[in-house]
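[1] please work out how this folds:
(chains A, B, C and D)
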Amino acid sequence: MSETKAHKVKDIFVEGPIPPNLIATSIAKHATRTDIGAHEIFLGQVRADVRDGRLTADNRLPTTVAAIEYTTYRDMALERMTSIREEAFTRWPSMTCLHVHHSLGTIKAGELCFMVFASAPHRQGAREAVAWVVDRIKTELPIFGKEIYIDDTHQWKHNDLRDSGSSPA
Amino acid sequence: MSETKAHKVKDIFVEGPIPPNLIATSIAKHATRTDIGAHEIFLGQVRADVRDGRLTADNRLPTTVAAIEYTTYRDMALERMTSIREEAFTRWPSMTCLHVHHSLGTIKAGELCFMVFASAPHRQGAREAVAWVVDRIKTELPIFGKEIYIDDTHQWKHNDLRDSGSSPA
Amino acid sequence: MRVLLFGVIAEKAGSESIEVNATSMASLRETLRSRIDGFDALSYAIAVNRRIVKDDMTFAGSEEIAVLPPFAGG
Amino acid sequence: MRVLLFGVIAEKAGSESIEVNATSMASLRETLRSRIDGFDALSYAIAVNRRIVKDDMTFAGSEEIAVLPPFAGG
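    Next comes the predicted model:
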């Protein structure tokens, strides 16, 4: 955990889905930090939501999300993320670590695209920090998502705060 | 996920620390559940807290938690856990899965002793359910913890709700 | 009847169970007090058939009775 | 000046950047409208040096300018 509380610009982006092993490795690294009592982890997974698809004479045929293709304005995203990290450590000073990963490229339904992982001596700080950081990332990071459907059509995803998973509500 | 929403009595207990790989395996199993958009995971880790230790003529010498030895009244714990699970699925009907592990035996500082893992289409349900289930387990499950200190003394741990990590506050 | 003991209570009693003759919650508490050194200073709850019971009650003799110190899970 | 385009806006423009002559936010918006088919129907924000700017402003010409469709991270 040499990077603990370092407020330098860190790359949060991962090409492709987030492998569950990366999360296990992240967790295992914290065993040396015996001041930690609680880890809180949020994971976003791409949902196979059903959407209105192709227009026919009568109606729109339903279709299903097969994948989301994520792109970003990287420099701005990493600058915003650095500010969010700094503010999170100010708001929750007991937090010992905060790790964020977000996927770029094509992430299939069922795959993980997002991880926010906070550690703290007690659970309340970690829990609140994760919820807050997830919300801030969804609203402030310039990340774009193209929903690709099983019929090869696509549509651009956009977050609104009622939305809560990894596809629009 | 054949056990999804099954309300039968499930064993939550694991001998020894919870290996990070178990969490990765748990996560990976959910890739087939493409209705899931959000996973929320709480992990409890044993903290090397400093405590008042041996009494000398002048004062108590400080000592440090080396490990917690967990025991349980298993039949009652599993019955209570089954009720908590049922109530959680009633309160958060959109929740698709709820997985709980708790260690028994000696868990060293830095090792994981507790996991609560909820999945749902959207993040709010999963987040609220995890927080609620963690609180209920800490207050209602007959699990007992002996804090073993580095000087080989010990003291019995007890939860109060201000406490929030995996050792008393 | 056999009464299950846990945690610090099992430690003080030097055993994970104890045989007692008790026909009610009140007589059980009395017996525990007389049989386990320092029992009065301990916090505990009594579970009857795996549910905590706070009121007095009489026992049929077939109940599963356990004496539980404060919980420390998580 | 080169303006960066993302997501649905890059898709509509058929390119991830566009060369424009714009001295102010107002003239930039005007240019985008004339150069990108269906631009008026899109939701977007403009970032100047990686910060979203809502008010009008004049450009020195060295700014990093980006046109951002709605965010969809997470």
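[2] can you tell me which residues in chain C are near chain B?
    Within chain C, the positions adjacent to chain B are C:4, C:6-8, C:11, C:43, C:47, C:50-51, C:64, C:66, C:68-74 by CB under 8 Å from any CB of the partner chain. (C-beta placed from N, C-alpha, C; glycine too.)
[3] swap in 10 Å and give it another go.
    Residues of chain C lying close to chain B by CB under 10 Å from any CB of the partner chain are C:4-11, C:16, C:42-43, C:45, C:47, C:49-52, C:64, C:66-74.
[4] what ranges do the strands span in chain A?
    Under the criterion DSSP state E, chain A contains strands at A:13-15, A:38-45, A:50-55, A:60-72, A:97-108, A:112-120, A:143-149, A:154-157.
[5] mind putting these in a markdown table, mean pLDDT and distance to chain C included?
    What follows is these, written out as a markdown table (pLDDT from 0 to 100; distance: least, CB to the nearest CB, whole Å):
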| stretch | mean pLDDT | distance to chain C |
| --- | --- | --- |
| strand A:13-15 | 98 | 31 |
| strand A:38-45 | 98 | 9 |
| strand A:50-55 | 86 | 39 |
| strand A:60-72 | 95 | 36 |
| strand A:97-108 | 98 | 20 |
| strand A:112-120 | 98 | 15 |
| strand A:143-149 | 98 | 35 |
| strand A:154-157 | 94 | 37 |
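[6] out of those strands, nearest to chain B?
    strand A:38-45 (4.0 Å; CB to the nearest CB).
[7] quick one: contacts for the nearest residue to A:Arg127 once chain neighbours are set aside?
    Distances taken as CB to CB, 6 or more residues apart in numbering or on different chains place A:Glu40 nearest to A:Arg127, at 4.8 Å, with adjacent residues excluded. Taking CB atoms under 10 Å, 6 or more residues apart in numbering or on different chains, we find A:Glu40 in contact with A:95, A:116-120, A:123-131, B:40-43, B:127, B:130-131, B:134.
[8] switch to 6 Å and redo it
    With contact taken as CB atoms under 6 Å, 6 or more residues apart in numbering or on different chains, A:Glu40 is in contact with A:Ala118, A:Ala126, A:Arg127, A:Val130, B:Phe42.
[9] what's the answer for A:Pro20, then?
    B:Ala24, B:Ile27, B:Ala28.
[10] for the closest residue to the last one other than its chain neighbours, give me the pLDDT.
    The shortest distance from B:Ala28 to any non-neighbouring residue, by CB to CB, 6+ apart, is to A:Pro20 (4.3 Å). With respect to pLDDT, A:Pro20 scores 95.
[11] measure A:Pro20 to B:Ile27 for me?
    When CB to CB, to the nearest Å is the yardstick, A:Pro20 and B:Ile27 sit 4 Å from each other.
[12] okay, and the common contacts of these two?
    Joint contacts of A:Pro20 and B:Ile27 (CB under 6 Å, 6+ apart) do not exist.
[13] any idea how many residues pack against the closest residue to C:Ala13 other than its chain neighbours?
    Leaving aside its chain neighbours, C:Ala13 sits nearest to C:Ile36 (4.8 Å; criterion: CB to CB, 6+ apart). Neighbourhood size, C:Ile36 [other CB atoms under 10 Å in any protein chain shown]: 20.
[14] run through the residues that contact the residue nearest to the spatial centre of chain A.
    Taking CA atoms, centre = their mean as the criterion, A:Phe114 is the residue nearest the geometric centre of chain A, at 2.7 Å. Residues near A:Phe114 by CB under 6 Å, 6+ apart: A:Gly44, A:His102, D:Gly74.
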